[in-house]
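# 3D model of this:
(2 chains)
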Amino acid sequence: MSASTTTSDIIRRSAAAQAAALEAGEVSSEELTRAHFGRIAAVDGDLNAFLHLNQDEALTTARDVDARRAAGEELPALAGVPIAVKDVVVTEGQPTTAGSKILQGWIPPYDATLVTALRKAGLPILGKTNMDEFAMGSSTESSAYGPTRNPWDRDRIPGGSGGGSAAAVGSYEAPLAIGTDTGGSIRQPGAVTGTVGVKPTYGSVSRYGLIAMASSLDQAGPVTRTVEDSALLHELIAGHDPHDSTSLPDPVGDFTAAARSKDVKGLRIGVIEELESEGFAPEVRARFTESLDQLERAGAEIVRVACPNFTYALGAYYLIMPSEASSNLAKFDGMRFGLRVIPEDHPTAENVMKATRGAGFGDEVKRRILLGTYALSAGYYDAYYGSAQKVRTLVQRDFTAAFSTVDVLASPTSPTVAFRLGEKVDDPMAMYMNDIATIPANLAGTPGISVPSGLAEDGLPAGIQFLAPARADERLYRVGGALEALLEDSWGGPLLAKAPELTNGAQR
Amino acid sequence: MNTAQSASATDLVDYDEAISRFDPVLGIEVHVELGTATKMFDGAPNIFAAEPNTAITPTSLGLPGSLPVVNRTAVEYAIRIGLALNCSIAETCRFARKQYFYPDLTKNFQTSQYDEPIAYEGWVDVELEDGEIVRVEIERAHMEEDAGKNTHVGGATGRIHGATHSQVDYNRAGVPLVEIVTKPIPDTKGRAPEVAAAYVRTLRDIFRALDVSEARMERGNVRADINVSLRENADAPLGTRSETKNVNSFRSIDRTVRYEISRHAGILDAGGSVVQETRHFHEDTGGTSSGRPKSDAEDYRYFPEPDLVPVAPSREWVEEIRAGLPELPSARRRRLLGEWGFTDLEMRDVVNAEALDLIESTVEAGASAQSARKWWMGELARVAKDREVELEELAITPVQVAELQGLVDGKKINDKIAKQVLTKVLEGQGDPAAIVESEGLAVVSDDSVLTGAVDQAIADNPDVVAKIQGGKVQAIGALIGPIMKATRGQADAGRVREIIMDKLGVS
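Model (predicted):
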C-alpha cells in the first residue's frame, strides 16, 4: 500500500464522504480501492471477515470509474466507492460458498440482481464476506471457514449470520457491505459491532441470486457506518425485479433525503413492552432509554405499546425458518454443483447424496434440516408449520394495531453485547434467543434498522432498533439519521472512533 | 424387472370372464406439455430435441440463488384447458413444493399445485366408436413443471440397475405441464379399455383445438397414468387400484386397461389382494410390471411455495379467454356432419382415421366433401397403410388433392389417370395439373386422334363389329379396351363410344 496518511484517513470516512472525495478529485477510485485492500491485508488475517478477495476485478472497475469520471461522465452517487458482499449472494465468475463446505470452489455462472446493480453503478466489489453457514446462526461461528472476530474485542463474536460484513465495515476494511437478514442477520451484527444495518421491507430488494435459507423471510440490505450511507446503498439496490415473483412493484423512496432531514418533531415512537424486560442486559437497556430520551428532547413522542404475540414469534420463526430451509437446501446433493463425495462401497446416487451432505453440511445446518423436515412431515404439518403460520398472522396483526397509533416502533436490537466466541456454541436455544427482538419484523415483512446506541457492558457497542410499517422504510432513515446525529453530538464523534486500534493482526 | 417374470407372477383371468364377474373402475391422470415459448418458471426456451442442456437458465437448473416466476401464457393455457373441460376456474390458487429426491429433479422438489388447483370440477363427453357418449367427470386440472431426463449408461437394459453412470438432460426441466385428473369413472363394464383410450384421444383433440400443445403422443407431449381397480359389483366400495405410469399411445392405453383387469381378477380370484403400486406398461408383451410401491401415506411434505405469489386470474381475464375459445372438436364434428352430409358411420371412420382436418382443408380448397372423403379414406388411406405412416405424413397436401379432383371433375383426366397422377404427386414430382401437363396425361378427346384408333380397332376385330351391327350394342366394350390401350388410357371413353356408334351406324 502506498501508505499515505491521506488514504488511510479517507477509508475511515463514511461512504458518502468517500464519494465526495472521489467527486472532488481528492483521491481516485483506484487509490481508494487499493487502500481498502491494504487495510484488509493489514487486519483481516486475524478478523477473518473475508472469505474471498476480488482484487483484479475490483481494480478494473475502479480504473473504469476513474476513466469515466475523467471523461466528464456523470456517475451514480456511490460510483467508485468499494463494497463487500456477503458470501450468500451469487457473483458471476467469483466464488460463492454461503459459508459452507458443500459449495467450496463453486463459481456461479450468473450475478444476483443486486450485484448487477452494484456493477452497473460502478462499485468495486472487494470480495465476499464470512457468514454463518447458509446464514444459520447468530455468531458467524458456524461458518465452515472459521469464525469472524469482532473488531472491538477479538475474543468476541461479531454477530451473525452477517458477522463478516459487519466486521469488515466496523474495521474500515470496507465502507459499505451487503448483508442478508432472515431473522436479524443484518441488524444484530450491526448492533454488536457499532455499525448501521437495515432490513428493508420484504420484497423491496430482489432476492434473485441470494442463496435461500428461508424464502419468505430472507431480505438483503445495507451494512454501513452511517444511516445516510445505508440510505444511499438501499436506494441503489432496491427496485422491482421481474426475476423475483415476490419483488414489489413500488418506486424506490427518497431514503437519503429522509436520512438527512434529522427531524423527529411530532414523530410517535412506540416502545414495545414485550422487548424491554427480561433477558435484556441492564446497560443495553440503559443505552436504549438514553437514546429515547434524546429523541424525546428533539420533539418525538414516546409511548408504550403492547405486541402480545411477539412472545410467540421466536417459536414460530424456529418452525417456519427450518421448514423452508429444509426444502431450499434439498438441492445440495452433490449431483449438479459444489462438493461431491463418492463413497467407496456401493456408490449409488442415493449414497453419493448421503455422503456429500454428511460431509458438506455443518451441525447447525443439519439440525435445522432435521427440524424442518419433521415440522413439514405428514401428521405434524398442522401442529407445527400450520400453527406457526397462524402465529405469524397474529404477529402481523400486532404490528398493524401498533402502527395505527405510532409511526415507528423501538426496542434494543439485541438483548446483550457481543458474547465470547464459543460461549453459546453448545447451547442452540441460548443462541436462538439473540434474535428475539429482530425476528418479528421478518415474520411480518416489515422493515427495520439498527443504529449504534452507545457502549454497554464491557465497553462493547449496543444497538437500538426501529421498525416501520411495510413500504415505509423512509421513516427508519428519518428517525435513525436524527438519533445518529444527536448521539454523535453527545459522544463528540462516531461510536466507531471509540473502537480499539487494529494493527497487523498483532492485537489479541 | 423383466416382463416374463411379472407376467408369470400372476395368473391372468380371461378378459371377458373377468368382466363378467367384476366391475372395473377407471381413474386417469393425463399430463400435457404446454407449447409455450418459454418454460413454466423461467425464460429458457421450451423446445424439443435441442442439444442436451442447452435450453436452460440458472432457474431451470435450480442453481443456488435462482428463483421461479410464473409464465403468464402457461396460466392462460391452463385456464383454456379448464374452461374447455367445463371446470370452474379458481379465483386464487397457489403453487406448492412436492418434495422428493431424484437426479432429474433440479431442486429436489417439484413446483406443482396441491390443494389449490387452477381448475376443478368439470366434465367432458367422450364418444365411443359406435356413437355412444360417456360423460367423464373431471376432478381437477393443475399446473406443474416437468422434470429433466435421465439416461442410464453401461447396463444391459438401459435401466438404472446395472448402469455404470447416468447422464441427465435438463432441457425438459421446467417445461410447463397441466395435469388433468378424473374422478373415478364407473360403469364402463367391458368397454373400460375403449373408454380409457377414447377419453385420452378426446383430450388430445381438445388440446390441439385449443392450440395449447402439439399434443403428440409419440413425443410424450401427452402422457397418461392409468388407474384401474375392480370391485364385485357397482354397489361395492372401490377396490385397491394400480397406477400404470406414462402410457403414451391409444393402443397401449387400451391394452393396459385390458391387462390390468385380467391381472387384478387373477389376484382376486386366487383370494389375494391387489397391491397399491405404480406399474410400467411394456409395448412388446402388452403386459405391465411392478414399479415402486405407492401408498397414500407417501410423504411429499407439501407446503406452499414461498418463492411465488398466489396466482389470481381476474374474472375479466377468464371471461376474455372463454370468449376466445375456439370451436371444440365435438361441436365441430356435429357441424361438419351437417355440412357434409356424411352418414354417422362415415363420419366416425373419418374421425377414427384422424382425417377430419385433412378433409376439411380439402373441401376448403374446392373439392366436394364426398370426393375429399373418397380420396383420403380410400386411395390415400391404402397408401398410408402400406407405408405404415399416418395420413398427414403423406407427401401430399389437401390443396393438391382438391386440384386432382378438379381435374377429374373438369374431365381433363379420368379416374384411372388420376390414380397415376396421385402416385407421381406422392413421389414429389409436383402439383397434379403440372404433372398432367408435363407428362401429357390429359384425356384425349381430339376426334382426329380417336378416329384413327377406332378405325384400327374396327379393322382388327371384324367379329365384334359383326356382333354390334347384329344388335349386340353392349359388345362395343370389346372395342373400347384396345383403343384405351392404344392411347395409354387417355382416351375419352364417352367420345370413343360415340365415334364407334357413328362409324358402325348403330344407335
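# list the contacts for the closest residue to chain B within the stretch 1-150 of chain A?
Nearest residue of the stretch 1-150 of chain A to chain B: residue A:90, at 4.3 Å (Cβ to the nearest Cβ). Just so you know, the C-beta spots here come from the backbone N, C-alpha and C atoms, and that holds for glycine as well. Residues near residue A:90 by Cβ atoms under 8 Å, 6 or more residues apart in numbering or on different chains: A:96, A:108, A:110, A:111, A:112, A:115, A:209, A:210, A:211, B:63, B:64, B:65.
# nearest to residue B:433, of those residues?
Nearest to residue B:433 among the contacts of residue A:90, counting by Cβ to Cβ, is residue A:110 at 57.7 Å.
# tell me the SS of the closest residue to the closest one other than its chain neighbours?
In space, and not counting its chain neighbours, residue A:110 is closest to residue B:58: 5.0 Å by Cβ to Cβ, 6 or more residues apart in numbering or on different chains. Three-state assignment for residue B:58 (DSSP: H, G, I helix; E, B strand; the rest coil): coil.
# Tell me the spacing between residue B:58 and residue A:224.
Distance from residue B:58 to residue A:224, counting by Cβ to Cβ, to the nearest Å: 29 Å.
# Between the two, which is the more surrounded one?
residue A:224 (29 against 22; other Cβ atoms under 10 Å in any protein chain shown).
# Next up, the contacts around that one.
For residue A:224, the contacting residues are A:14, A:15, A:169, A:175, A:176, A:177, A:195, A:196, A:197, A:230, A:233, by Cβ under 8 Å, 6+ apart.
# what about the last one, how many neighbours?
The burial metric for residue A:233, expressed as a neighbour count using other Cβ under 10 Å, is 31.
# ok, so what distance separates it from chain B?
Computed as Cβ to the nearest Cβ, to the nearest Å, the residue A:233 to chain B distance reads 20 Å.
# what sits against that residue?
Residue A:233 is in contact with A:15, A:78, A:83, A:176, A:178, A:222, A:224, counting by Cβ under 8 Å, 6+ apart.
# The residue nearest to residue B:120 when sequence neighbours are not counted: what secondary structure?
Of all residues not flanking residue B:120 in the chain, residue B:140 sits nearest, at 4.5 Å (Cβ to Cβ, 6+ apart). Look at residue B:140: counting by three-state DSSP, its state is strand.
# now do residue A:388
Counting by three-state DSSP, the backbone at residue A:388 sits in helix.
# Could I get the contacting residues of the closest residue to chain B within the stretch 351-500 of chain A?
Residue of the stretch 351-500 of chain A nearest chain B, by Cβ to the nearest Cβ: residue A:376 (4.0 Å). Contacts for residue A:376 (Cβ under 8 Å, 6+ apart) come out as A:323, A:326, A:327, A:384, A:385, B:99, B:301, B:302, B:303.
# try 6 Å this time
Residue A:376 makes contacts with A:323, A:385, B:301, B:303, as judged by Cβ atoms under 6 Å, 6 or more residues apart in numbering or on different chains.
# do you know how far the nearest residue to the last one once chain neighbours are set aside is from residue A:386?
Take residue B:303 and drop its neighbours on the chain: the residue closest to it by Cβ to Cβ, 6+ apart is residue A:376, 5.6 Å away. Taken as Cβ to Cβ, the spacing of residue A:376 relative to residue A:386 amounts to 10 Å.
# residues in the stretch 1-150 of chain A within reach of chain B, list them.
Residues of the stretch 1-150 of chain A lying close to chain B by Cβ under 6 Å from any Cβ of the partner chain are A:90, A:110.
# need the helices for the stretch 1-150 of chain A, in chain order.
A:5-10, A:15-23, A:29-47, A:55-70, A:113-120 (DSSP state H, counting those that start in this stretch).
# List the buried residues in stretch A:284-294.
A:284, A:285, A:286, A:287, A:288, A:289, A:291, A:292, A:294 (16 or more other Cβ atoms under 10 Å in any protein chain shown).
# Over to stretch A:47-64?
A:47-54, A:57-59, A:61-64.
# wait, doesn't the residue nearest to residue A:110 sit right on residue B:66?
Yes - at 4.1 Å, residue B:58 counts as touching residue B:66 under the criterion of Cβ atoms under 6 Å.
# show me where pLDDT drops low in chain B?
B:1-10, B:292-297, B:445, B:507 (pLDDT under 70).
# Could you show which parts of it are in contact with chain A?
Contacts of chain B with chain A, taken as Cβ under 6 Å from any Cβ, map to B:58, B:62, B:64-65, B:67, B:69, B:97, B:103, B:107-109, B:299, B:301, B:303, B:306-309.
# now these: which count as buried?
B:58, B:62, B:64-65, B:67, B:69, B:97, B:103, B:107-109, B:301, B:303, B:306-309.
# With distance to residue B:227 and pLDDT added, can I get the contacts of residue A:233 in CSV?
CSV is the format used below for these (distance: Cβ to Cβ, whole Å; pLDDT from 0 to 100):
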residue, distance to residue B:227, pLDDT
A:15, 63, 98
A:78, 61, 98
A:83, 57, 98
A:176, 59, 98
A:178, 51, 98
A:222, 55, 98
A:224, 60, 98
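# okay, the residue of the stretch 251-400 of chain A found nearest chain B: pLDDT?
Closest approach between the stretch 251-400 of chain A and chain B, counting by Cβ to the nearest Cβ: residue A:330, at 3.6 Å. Per-residue confidence at residue A:330 stands at 97 (pLDDT).
# And for the helix or strand residue A:290 falls within, what's in contact with it?
Assigned by DSSP states H and E, residue A:290 belongs to helix A:282-297. Residues outside helix A:282-297 that contact it (Cβ under 6 Å, 6+ apart): A:264, A:302, A:412, A:453, A:454, A:456, A:457, A:462, A:464, A:483, A:486.
# Next secondary structure after that helix?
Once the chain leaves helix A:282-297, the next helix or strand it forms, by DSSP H and E, is strand A:301-305.
# tell me the angle of that following strand relative to helix A:282-297?
Strand A:301-305 and helix A:282-297 are oriented at 130 degrees to each other (axes from the mean of the first three to the mean of the last three Cα atoms, to 10 degrees).
# Spatially nearest residue to residue 350 (excluding sequence neighbours)?
If you meant another chain, say so; for now it's chain A. Leaving aside its sequence neighbours, residue A:350 sits nearest to residue B:101 (Cβ to Cβ, 6+ apart; 7.5 Å).
# wrong one, I was asking about chain B
residue B:356 (5.6 Å).
# before we move on, what about residue B:187?
Closest to residue B:187 by Cβ to Cβ, 6+ apart is residue B:234, at 6.5 Å.
# Any figure for the gap between the one you found and residue B:25?
Separation of residue B:234 from residue B:25 (Cβ to Cβ) stands at 9 Å.
# likewise residue B:398?
Taken as Cβ to Cβ, the span from residue B:398 to residue B:25 is 42 Å.
# Now do the strands in the stretch 51-200 of chain A.
Secondary structure of the stretch 51-200 of chain A (DSSP state E, counting those that start in this stretch): strands at A:83-86, A:125-129, A:176-180, A:196-199.
# Mind exporting the C-alpha coordinates of the first one to CSV?
Right, strand A:83-86. Output of strand A:83-86 as CSV, limited to C-alpha atoms (Å, rounded to 0.1, in the frame of the first residue of the first chain):
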residue,chain,number,x,y,z
ILE,A,83,-18.2,-2.6,-1.2
ALA,A,84,-18.0,-6.0,0.4
VAL,A,85,-20.7,-8.6,-0.4
LYS,A,86,-21.9,-11.4,2.0
